[in-house]
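Peer 1: got a predicted structure here, sequence first:
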Amino acid sequence: MKTQNNARLSTGESLFVRGPLSRFKELKFAIKIFFNFIKAFRKMHFIGPSVTVFGSARFTPDSEHYKAAEKVGAELAKIGFTVLTGGGPGIMEAANKGAFEAGGYSVGCNIILPFEQKPNPYLHKWIDIPYFFIRKVILVKYSYAFVIMPGGIGTLDELFEALTLIQTKIIQDFPVVIFDSEYHKELCKHIQLMAENESISPEDMELLFVTDSVEDLIKHIETYSIKKFGLVQKQVKPKRWLGELGNKTLSDEK
């Protein structure tokens, strides 16, 4: 494996996690976190019930993985969900595109990186977030299900973040769907191995639904998200005194 060049580490986030800083610098960073959370809450408050689709930024539109994600995004939009992604290219773009072109609502939480990941062009609304941990909180906070498409290390991080929060009862047991059994077969084997070695409980296996069918994915989310939690479209109205008149609700957009 290649050794990472630490000279690239220059962001406020990387400086913060290297160790203790001066009290002033740590206070300054905490204030930045607070304001980024407030900014995100204001931006995302009116998007309605969402499903987050995770996957690699590296797949191109001619990829079968991209096409599958596009179909997933479209079908999620058709059953009334906002499709929420990391806002970038690849699988994220495909899911947003599917929702966008199907007449649904498409939202992205774009991460600001040194190599500048830009929001994809299929977003009704997006927010640029400078810190990974804030982005993950936002993607979880507004979601009633998680779809794991083919991806890399970041996708696995997001998968296990969601599973950990469900397992530890931090969030409710929302559906977690792994799409494409062939791509994820070694991952699923390892999760089964963890159960066999009792590092996870047998019931933890029930937190995952693995499928190759978009139709089955949608049925699973309808059963274990819409019906289980009694979801209806939110009718949250902007408040003039909070300066929210520029924000439209999902029902306003349709």
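Peer 2: Nice, I can see it. Numbering: from 1, shown residues only.

Peer 1: what segments of the stretch 151-254 of the chain are helices?
Peer 2: Taking DSSP state H, counting those that start in this stretch, the helices of the stretch 151-254 of the chain run over residues 153-167, 185-196, 214-221, 228-229, 250-253.

Peer 1: which stretch in those has the least confidence?
Peer 2: Ranked by mean pLDDT, these bottom out at helix 250-253, with a mean of 40.

Peer 1: can you tell me the SS state at the residue nearest to V53 when sequence neighbours are not counted?
Peer 2: Excluding its sequence neighbours, the residue lying closest to V53 (CB to CB, 6 or more residues apart in numbering) is A95, at 3.9 Å. Heads up, the C-betas are built off the backbone N, CA and C, glycines and all. Secondary structure, DSSP: H, G, I helix; E, B strand; the rest coil: A95 is helix.

Peer 1: where do the strands of this protein begin and end?
Peer 2: Here the chain has its strands, by DSSP state E, at 50-54, 82-85, 106-111, 125-129, 143-148, 176-179, 208-211.

Peer 1: list the helices and strands the lengthiest helix in the chain packs on?
Peer 2: When the chain is parsed with DSSP state H, its longest helix is helix 23-44. Judged by 3 or more CB pairs under 8 Å, 6 or more residues apart in numbering; DSSP states H and E, helix 23-44 is in contact with helix 12-16, strand 106-111, strand 125-129, helix 132-141.

Peer 1: most packed of these?
Peer 2: strand 106-111 (a mean of 24; mean count of other CB atoms under 10 Å).
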